[in-house]
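Visitor: Predicted structure and sequence below. I'll ask about it afterward.
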Amino acid sequence: MKKFISAFLAAVVFIAVLSSFSSCEKNEEKEYFDANFIAMDTAVTVRLARNSGKKDGRKIIYFDDAYLNEIKQNCADIAKEIEASLSRTIDGSIVSYINKETDCVLDIDGDFISLLNESFELSENTGGAFNITLGTLTELWNITGDTHRVPSAEEISDALSHTGNDKITVGASDVKKSDRKLKIDLGAIGKGYALEKITEYLESTDVLYGLVSFGGNVSVFGSKEIKGTKDEESQKYKIGITDPLDTSKVVGYVYIDSGYVSVSGDYERYFEENGIRYHHIFDPETGYPADSGLSSVAVICSDASTADALSTALFVMGYEKALDFYKSEKYDFEAVFTKKDGTTLLTSGLSESGMFEEYVEEPAEPANTD
Ligand code: AMP
Ligand code: MG
């Protein structure tokens with residue numbers, strides 16, 4: 001059941017992406033091969049160009065389903081392999097070993113160590129807003145689980161006492177914990193990381209261009225120039241950003257021809273009690289769901305795990321602090337912020353580039369008075 005709910009929620013973000021995308025590609029359905037799979041409790045879709053392009057001069061050759069299915073399967077295998085080491089709930093994952101009441105885990109593979117180091121750097125650079133040591137807290141709240149409830153203040157402060165980057169040390173192939181109860185949670189960066197690995201793989205295949213949607217994370221790869229159009233605008237993909245106040249709508253569209261978009265929102269995973277929404281993005285200072293005035297943040301960046309981590313961090317910071325962070329130029333990114341009151345705000349690079357188009361609702365048809 002949990003899996004189904006998560007997959008459905010993720011699909012909502014994705015539908016916004018694809019429906020806007022297909023409106024860009026009228027009458028060209030055959031240009032793409034679409035395939036879906038589930039990984040990390042999330043619906044993943046790969047959209048691959050069938051056109052193999054350059055062969056035989058101007059003659060267009062199409063990849064067949066068997067070939068593209070094989071590529072899709074390889075993408076699913078990459079995601080599954082990453083999930084098998086990053087998941088908190090899969091027995092035998094590296095994260096589950098680290099999360100046992102232990103003070104040391106040895107022989108950890110290099111990719112995982114790099115991801116941990118990248119995560120701690122992101123945590124430091126975001127002033128702790130992004131924090132992968134919140135495992136005891138996220139487990140306590142268990143937002144998407146059957147046993148979710150609002151914990152007591154004592155429980156929250158106890159969980160918080162087992163968090164903190166200073167309680168864990170990453171070596172060349174090992175992790176040491178000074179607090180045996182500390183647990184890590186890579187939920188805010190794992191999908192971005194997996195998306196990046198999938199996209200890197202796709203770039204190494206003969207597929208010329210396409211798109212991958214992994215929950216709230218989207219990648220655009222390759223070049224649409226092969227379609228024969230030199231018009232820069234038509235080489236771009238139109239990515240719909242879900243309206244957090246009405247998830248059947250979008251607040252607008254981001255136009256990109258490469259790179260990643262990651263969205264963190266209070267509508268993605270949550271439960272409600274006494275009219276209050278308790279969502280899955282936590283303020284590491286308070287131990288409660290972040291109440292920063294934002295409902296969603298979309299980050300556009302050339303690096304997927306950075307985009308994923310930053311969308312979570314900026315959500316925690318709130319608009320003002322997030323804007324200061326943007327101006328600090330620690331990372332090269334753009335962002336779309338949607339406040340709880342529905343206002344949508346953009347970083348300056350995004351508004352100046354014209355890469356964002358606000359969604360404007362069509363006025364209702366006037367009533368026929370004849
Ligand atoms: P995202 O949807 O990418 O914003 O990630 C949210 C997920 O990351 C949650 O479901 C938690 O597992 C975890 N998480 C929640 N709050 C934080 C935080 N402040 N820093 C890092 N990870 C978090
Ligand atoms: Mg994230």
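Guide: Looks like it came in fine. Numbering: from 1, shown residues only. Ligands and ions are numbered 1, 2, ... in the order given.

Visitor: Next, the buried residues of stretch 344-363.
Guide: Along stretch 344-363, the positions that meet the burial threshold by neighbour count (16 or more other C-beta atoms under 10 Å) are 344, 346-347, 350, 355-356. All C-beta atoms are positioned from the backbone trio N, CA, C, and that covers glycine.

Visitor: Ok, stretch 296-310 next?
Guide: 296-301, 303-310.

Visitor: what's the answer for stretch 115-135, then?
Guide: Using 16+ other C-beta under 10 Å as the burial criterion, the residues of stretch 115-135 that qualify are 115-116, 118-120, 122-123, 125-126, 128-135.

Visitor: how long is it end to end?
Guide: 16 Å (C-alpha to C-alpha, to the nearest Å).

Visitor: Would it count as contacting ligand 2?
Guide: No: interface with ligand 2: stretch 115-135 contributes nothing (C-beta under 5 Å from the ion), its closest point being 7.9 Å away.

Visitor: Would you mind measuring from the residue in the stretch 101-250 of the chain that ligand 2 sits nearest to to residue 363?
Guide: Nearest residue of the stretch 101-250 of the chain to ligand 2, counting by C-beta to the ion: residue 188, 3.8 Å away. When distance is defined by C-beta to C-beta, to the nearest Å, residue 188 is 39 Å away from residue 363.

Visitor: how about low-confidence regions in the stretch 201-350 of the chain?
Guide: For the stretch 201-350 of the chain, residues meeting the criterion pLDDT under 70 lie at 225-234.

Visitor: Please enumerate the strands of it.
Guide: Listed in chain order, the strands of the stretch 201-350 of the chain (DSSP state E, counting those that start in this stretch) span residues 209-214, 217-222, 237-243, 246-256, 259-265, 270-273, 276-279, 294-301, 333-339, 344-346.

Visitor: Let's have these in a markdown table, adding distance to ligand 1.
Guide: Converted to a markdown table, the strands of the stretch 201-350 of the chain look like this (distance: least, C-beta to the nearest ligand atom, whole Å):
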| stretch | distance to ligand 1 |
| --- | --- |
| strand 209-214 | 11 |
| strand 217-222 | 8 |
| strand 237-243 | 13 |
| strand 246-256 | 14 |
| strand 259-265 | 3 |
| strand 270-273 | 10 |
| strand 276-279 | 9 |
| strand 294-301 | 8 |
| strand 333-339 | 13 |
| strand 344-346 | 18 |
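
Visitor: beta partners for the residue nearest to residue 353 when sequence neighbours are not counted?
Guide: With C-beta to C-beta, 6 or more residues apart in numbering as the measure, residue 334 is the residue that lies nearest to residue 353, at 7.7 Å, once sequence neighbours are left out. Residues in a beta bridge with residue 334, per DSSP bridges, are residue 300.

Visitor: For residue 334, which residues are in contact?
Guide: 299-301, 346-347, 349-350, 353, 355 (C-beta atoms under 8 Å, 6 or more residues apart in numbering).

Visitor: ok, back up a step: quick one: the strands of the stretch 201-350 of the chain as TSV, columns for distance to residue 61 too.
Guide: What follows is these, written out as TSV (distance: least, C-beta to C-beta, whole Å):
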stretch	distance to residue 61
strand 209-214	15
strand 217-222	16
strand 237-243	23
strand 246-256	27
strand 259-265	28
strand 270-273	47
strand 276-279	47
strand 294-301	33
strand 333-339	37
strand 344-346	41
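
Visitor: Output those as JSON lines; include the columns distance to ligand 2.
Guide: As requested, the strands of the stretch 201-350 of the chain are arranged in JSON lines below (distance: least, C-beta to the ion, whole Å):
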{"stretch": "strand 209-214", "distance to ligand 2": "11"}
{"stretch": "strand 217-222", "distance to ligand 2": "8"}
{"stretch": "strand 237-243", "distance to ligand 2": "15"}
{"stretch": "strand 246-256", "distance to ligand 2": "17"}
{"stretch": "strand 259-265", "distance to ligand 2": "5"}
{"stretch": "strand 270-273", "distance to ligand 2": "15"}
{"stretch": "strand 276-279", "distance to ligand 2": "13"}
{"stretch": "strand 294-301", "distance to ligand 2": "8"}
{"stretch": "strand 333-339", "distance to ligand 2": "13"}
{"stretch": "strand 344-346", "distance to ligand 2": "19"}
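
Visitor: Let's check: the centremost residue of the chain is which one?
Guide: To find the centre residue of the chain, average its C-alpha atoms and take the closest one (C-alpha atoms, centre = their mean): that gives residue 217, at 3.3 Å.

Visitor: So which bits of this structure are right by ligand 1?
Guide: Remark: the part of the chain in contact with ligand 1 comprises 130-132, 134, 138, 185, 187-188, 216, 264, 268-269, 280-282, 284, 308, 311-312, 316, using C-beta under 6 Å from any ligand atom.

Visitor: still on that earlier bit, bridged to the residue nearest to the centre of the chain, which residues?
Guide: residue 214, residue 262.

Visitor: who's in contact with it?
Guide: With C-beta under 8 Å, 6+ apart, residue 217 has these contacts: 191-192, 195, 260-263, 304, 307-308.

Visitor: Tell me how far the spatially closest residue to residue 176 that is not a sequence neighbour lies from ligand 1.
Guide: In this structure, residue 176 finds its nearest non-sequential neighbour in residue 169, 4.6 Å apart by C-beta to C-beta, 6+ apart. Distance, residue 169 to ligand 1, by C-beta to the nearest ligand atom, to the nearest Å: 19 Å.

Visitor: Which secondary structure state does residue 169 sit in?
Guide: Going by DSSP: H, G, I helix; E, B strand; the rest coil, the secondary structure assigned to residue 169 is strand.

Visitor: What's the local residue count around it?
Guide: The number of residues packed near residue 169 is 13, by other C-beta atoms under 10 Å.
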